[in-house]
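Enquirer: Task: produce atomic coordinates for the following.
(one chain, ligands or ions: 2)
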Amino acid sequence: MKILLISCAPPQGVNEFPSTGLLYLASVGRSRGHEVRYYDIGDRKNRGRFDPAVVLSFDPDIIGINAYTARMHDIAGLIRRIKAMNSSILTVVGGAHVSACGRETMEGEPSIDIAVDGEGEGTFGELLDRISGSSKKNFADIDGLIYRKDGTVVQNKPRELVTDLDSLPLPAYDLVDWQAYRGESLFRERNAAVYSSRGCPYRCIYCQQSIFGRTYRRRTPSSFVAEMKLLQEKYGIRAFYFFEDLFAVDKNWLDRFYVERKRQNVNGPWACLGRVDSLDERMLKDMRANGCRAVYMGVESGSQAILEDIGKNISIDRVVSAFSGARRAGLITGAYFMIGHRLDTKQTIDATIRLAERLRAPIVFFSLCVPFPGTGLYQYVPLDARYAWERYDENADNPVSVSMFAPSELVFAQRRAMLKTVGSLRYLCDNVLLCANSIFVRWLFFKRWLAARFPRLLVSSRTCGSGSSEPDNEFCAGRCR
Ligand code: B12
Ligand code: SF4
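Expert: Ligands and ions are numbered 1, 2, ... in the order given. Next comes the predicted model:
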């Protein structure tokens, strides 16, 4: 069979990375003897423009799409177009949105044939076997599958999580046109996102854990570094982003990772996400000594009461000590905040801005608090906004609000927060004039300052919170936190 896997453009700008999830599925398809292609509508070459010729010339039997909530309406439109071209193509959707509300999505959109809830490798593999096999097309025993039967949508029981991540095939990186991703980022080098773990045991109310669940699973350092080595040697990747929910949490694992890095001769710099309560100064120094250049941490609010309400389970003191420890260790820090928490008031938003000023992180991001389906926040969404998916965007012009603020007030507060922090004279001095980083990094920080200070000058219509019309990954990495 022929399988076309499609990654869509993010709500704003372009994709800075290929979709690793789809590349895992591509490997699953190929290991079963199918012909697979990967098409990223949102890469730097395609820039959000869908080219029907890609579908017509390949003539696939199956199309698989990765669905984020804010793009769900567009994705439904795309699938309808594809069905109009050839109604016999089987359309399969997976990813965050359908893992949270796949049944509702399919009920609202008849052009979607199948949705996959949660991790896709096992479910997609079984689905392919079932479709290509000669036996009767009965999907009832494929865990994680949502499908149509006699005019109704049937949701099977969830699939067990993958326990041994090392057993997964490596993503099919050879399908990627790496030239289409040479984006601007913290790294000048060509870079890629790689994943060592899945799942997170914490329970932040705003976080969507529908795909990977709460059970933390991790690859062995040797398998993880072997993937980095492959990327380095075969695809010229020289720098790495570790965007998984919890990368810098386990000192033991990190120590083994450093040893493997040296043993396998993988020397590119890397940046990762971390929680403020799992990083101590020793760890941060070791990270720096072993190639880490930047650490991004979710802070979310400057109000302790709000941190408690959202289940973040961290204290402001810990936030401050983690950021100063990271700075002392010589790491670039990234701080992610949200505006529009359920209990946010003018005072708590001001406290958030004050905390951001105090941390003096060169990468600061204020996203809007989005109550994605599947999160604890979704229950607070006003009924009339429940299915307005394009409003579920951290940088929407008309975002869904679960706070006391109207959407326009949130957008205003977001811009104000950026102006007061990244757009300040102090930011300019700290990170552009006096900082010890390379000219390249200083230039990036200067652009951030300029964008926060003069958003209208640089940005045409829709802007993200960073003020950039084409967000680069250092700006958006934490949006999804
Ligand atoms: C890393 C990450 C990113 C990276 C992705 C890099 C990459 N190489 O893929 C970057 C920074 C680019 C990113 C961008 C965005 N992200 Co993000 N991201 C994450 C994060 C933290 C981890 C994802 C991950 O581990 N990917 C690794 C791969 C292996 O997993 P996967 O892509 O999910 O794919 C698996 C399954 O989902 C499934 N699957 C996926 N697609 C398909 C398709 C088919 C056909 C099938 C069968 C199965 C299937 O099978 C795959 C293999 O198991 C998650 C949080 C989380 N825990 O899920 C948020 C998360 C997915 N992101 C989120 C958001 C909002 C975004 C952005 C919209 C942010 C923005 N405003 O720009 C963009 C969207 C980009 C786009 N193309 O539209 C939200 C999604 C919420 C929602 N309901 O939409 C999440 C859940 C975080 C949150 N807020 O809770 N993100
Ligand atoms: S925000 Fe981070 S720590 Fe909180 S539940 Fe999500 S992944 Fe876990």
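Enquirer: part of a helix, is S367?
Expert: No - S367 sits outside any helix when classified using DSSP: H, G, I helix; E, B strand; the rest coil, being strand.
Enquirer: how much space between it and ligand 1?
Expert: 7 Å (Cβ to the nearest ligand atom, to the nearest Å). Where you see a C-beta, it was placed from the backbone N, CA and C, and this is true even at glycine.
Enquirer: and the nearest residue to that residue once chain neighbours are set aside, how many neighbours?
Expert: Nearest non-adjacent residue to S367, counting by Cβ to Cβ, 6 or more residues apart in numbering: E394, 3.7 Å away. Neighbour count of E394, defined by other Cβ atoms under 10 Å: 26.
Enquirer: cool, the one 10 residues further on as well?
Expert: Applying other Cβ under 10 Å, we find 12 residues neighbouring M404.
Enquirer: what does R275 give?
Expert: R275 has 20 nearby residues by other Cβ under 10 Å.
Enquirer: wait, it sits on V295?
Expert: No - in this structure, R275 is not within contact of V295 by Cβ atoms under 8 Å, at 10.3 Å.
Enquirer: Overlap in contacts, these two.
Expert: Common neighbours of R275 and V295 (criterion: Cβ atoms under 8 Å, 6 or more residues apart in numbering): A248.
Enquirer: Could you tell me how many residues sit around the residue in the stretch 101-250 of the chain that ligand 1 sits nearest to?
Expert: Nearest residue of the stretch 101-250 of the chain to ligand 1: G120, at 2.5 Å (Cβ to the nearest ligand atom). The local packing of G120 (other Cβ under 10 Å) involves 24 other residues.
Enquirer: what's the answer for Y235, then?
Expert: 14.
Enquirer: Against V194, how distant is it?
Expert: Y235 is 12 Å from V194, where distance means Cβ to Cβ, to the nearest Å.
Enquirer: Now do the shared contacts for these two.
Expert: By Cβ under 8 Å, 6+ apart, no residue touches both Y235 and V194.
Enquirer: Check which helices and strands the host helix or strand of G125 sits against.
Expert: Per DSSP states H and E, G125 falls inside helix 121-132. Where contact means 3 or more Cβ pairs under 8 Å, 6 or more residues apart in numbering; DSSP states H and E, helix 121-132 is packed against helix 20-31, strand 62-66, strand 90-94, strand 114-116, strand 145-149.
Enquirer: which one of the ones you listed is the most hemmed in?
Expert: Neighbour counts (mean count of other Cβ atoms under 10 Å) averaged over each of those peak at strand 114-116, with a mean of 26.
Enquirer: And for it, what's in contact with it?
Expert: 90-94, 98-99, 102-103, 105-106, 123-124, 127, 139, 144-148.
Enquirer: again, 6 Å this time
Expert: Strand 114-116 is contacted from outside by V92, V93, G94, V98, G102, M106, T123, G144, I146, Y147, using Cβ atoms under 6 Å, 6 or more residues apart in numbering.
Enquirer: Now distance to L161 and pLDDT too, for the residues you listed, in TSV please.
Expert: Formatted as TSV, those follow (distance: Cβ to Cβ, whole Å; pLDDT from 0 to 100):
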residue	distance to L161	pLDDT
V92	20	98
V93	20	98
G94	15	98
V98	17	98
G102	17	97
M106	23	97
T123	12	98
G144	10	98
I146	18	98
Y147	21	98
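Enquirer: Report the contact partners of R188.
Expert: F440.
Enquirer: need the helices and strands packed on helix 121-132 in JSON lines with distance to ligand 2, can you?
Expert: Shown next, in JSON lines, are these (distance: least, Cβ to the nearest ligand atom, whole Å):
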{"stretch": "helix 20-31", "distance to ligand 2": "16"}
{"stretch": "strand 62-66", "distance to ligand 2": "19"}
{"stretch": "strand 90-94", "distance to ligand 2": "19"}
{"stretch": "strand 114-116", "distance to ligand 2": "21"}
{"stretch": "strand 145-149", "distance to ligand 2": "24"}
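Enquirer: Turn those into TSV, including distance to A226.
Expert: Converted to TSV, the helices and strands packed on helix 121-132 look like this (distance: least, Cβ to Cβ, whole Å):
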stretch	distance to A226
helix 20-31	15
strand 62-66	25
strand 90-94	26
strand 114-116	27
strand 145-149	32
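Enquirer: So which of these is nearest I314?
Expert: Proximity to I314, assessed across the helices and strands packed on helix 121-132 by Cβ to Cβ, is greatest for helix 20-31 (27.6 Å).
Enquirer: close to ligand 1, is the closest one?
Expert: Yes - remark: helix 20-31 sits within contact range of ligand 1 at T20, G21, L22, Y24, L25, by Cβ under 6 Å from any ligand atom.
Enquirer: Also stretch 140-148?
Expert: No - using Cβ under 6 Å from any ligand atom, we find that stretch 140-148 stays clear of ligand 1, coming within 8.8 Å at best.
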